[in-house]
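Novice: Fold the following, please.
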Amino acid sequence: MNCPSDWPEPIVRVQSLSETGNTMIPNRYIKPPPERPSFNTGSDSLLNIPVIDLSGLASGDPTIQQATRDEISVACREWGFFQVVNHGIRHDLVDGARETWREFFHQPMEMKQDYANAPKTYEGYGSRLGVQKGAILDWSDYFFLHYLPSNLKNHNKWPSHPPFLRDVVEEYSQEIVRLGKVLLEVFSINLGLEESYLQKAFGGDDIGACLRVNFYPKCPQPDLTLGLSPHSDPGGMTFLLPDEHVSGLQVRKGGEWITVKPVRHAIIVNIADQIQVLTNAIYKSVEHRVIVNPNKERVSLAYFFNPKSDVLIEPATKLVTSKTPALYQPMTFDEYRLFIRTKGPQGKSQVDSLKSSK
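Specialist: This next block holds a predicted model:
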């Protein structure tokens, strides 16, 4: 399966649609009725994903360290999503990363168009995911860039304006990669594996790391569309820096959509499909989506912490027994993500389709 070199239809920037002031959105953004968001406040309004203080991991007190690992274990098994605070990333860097990208999206369109992307790599300024002609689109624009492996990183493909953006992204990326390695070690210990198991399974130090900055413009009909359709993330683990001023992320829990309430300066962590495969579905990736707002734009940074593209991903041998046989056949991450790049967000259909028929 190969990705085409260009999009099947002319690209329309959602930000430009929003700025026209029209009170109705084009038909190609209107979701079928069963897929439209509901804005009724129900029993889920008080629920939120777990919030975990990571300072306990470095406390030096084994009891506190174990309690923190236990919190992470429960969050991974029961939610697949959690927020981390005291994660070691400076607050000014967290705020700066988000607001620098907000500034990018408010530059003149001709400057942003210099970075227009194509479906082969997705790198650059984009407005759609997937290349199916006639697809119903999401109400969002984005910027996608590579950080690791280093041979894919090209600062010239990163925006040169605002002038300090590249430095901010570089420093923020280093911190996210550090955090990712810490959590992979915790996951490994919690699963009864060697502490370096998942890091090695990802390819050692030769992992993948890439950033998608999402821009969700104001939408005059937020009940008819979505900023991002339901999906589980195809990679290993995702670190989301949300917009603290407006909620938008929703997580599926027990058949309901829970709106995540961001904690100040927290990073949202979610299990993605490759960890579901590696853990033989002990940890599961979880469907999530993004709703849009009629009065406020929203900016978020999704950092994808992924296995090396050509390493085979399969359930850890220690987690496969006669009672818990391997659910998945080996597949490289590169083979896996071609599905996503072709079809765009499709719920959990890809990872579920990989389950062995035995």
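Novice: The closest residue in space to Y303 that isn't next to it in sequence bridge partners, please.
Specialist: Leaving aside its sequence neighbours, Y303 sits nearest to F239 (Cβ to Cβ, 6 or more residues apart in numbering; 4.3 Å). In this view, the C-beta of every residue, glycine as well, is placed from N, C-alpha and C. Beta-bridge pairing of F239 under DSSP bridges involves V269, Y303.
Novice: can you map out the helices along the protein?
Specialist: Ranges of helices in the chain, per DSSP state H, are 14-19, 62-78, 91-105, 109-113, 165-190, 197-201, 273-278, 333-343, 349-353.
Novice: How far away from the center of its chain is the longest one?
Specialist: The gap between where helix 165-190 is centred and where its chain is centred comes out at 14 Å by Cα atoms, centre = their mean, to the nearest Å.
Novice: Reformat the helices of the chain as TSV; add mean neighbour count, distance to D310 and mean pLDDT.
Specialist: Below are the helices of the chain laid out as TSV (neighbours: other Cβ atoms under 10 Å; distance: least, Cβ to Cβ, whole Å; pLDDT from 0 to 100):
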stretch	mean neighbour count	distance to D310	mean pLDDT
helix 14-19	18	34	98
helix 62-78	16	26	98
helix 91-105	17	30	98
helix 109-113	13	32	97
helix 165-190	19	19	98
helix 197-201	20	13	98
helix 273-278	27	13	96
helix 333-343	18	6	72
helix 349-353	15	18	60
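Novice: Would you convert those into JSON lines that also reports distance to I313?
Specialist: Putting the helices of the chain into JSON lines (distance: least, Cβ to Cβ, whole Å) gives the following:
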{"stretch": "helix 14-19", "distance to I313": "33"}
{"stretch": "helix 62-78", "distance to I313": "17"}
{"stretch": "helix 91-105", "distance to I313": "29"}
{"stretch": "helix 109-113", "distance to I313": "35"}
{"stretch": "helix 165-190", "distance to I313": "14"}
{"stretch": "helix 197-201", "distance to I313": "7"}
{"stretch": "helix 273-278", "distance to I313": "5"}
{"stretch": "helix 333-343", "distance to I313": "6"}
{"stretch": "helix 349-353", "distance to I313": "11"}
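Novice: and of the ones you listed, who's closest to S140?
Specialist: Closest approach to S140 among those (Cβ to Cβ): helix 14-19, 5.9 Å.
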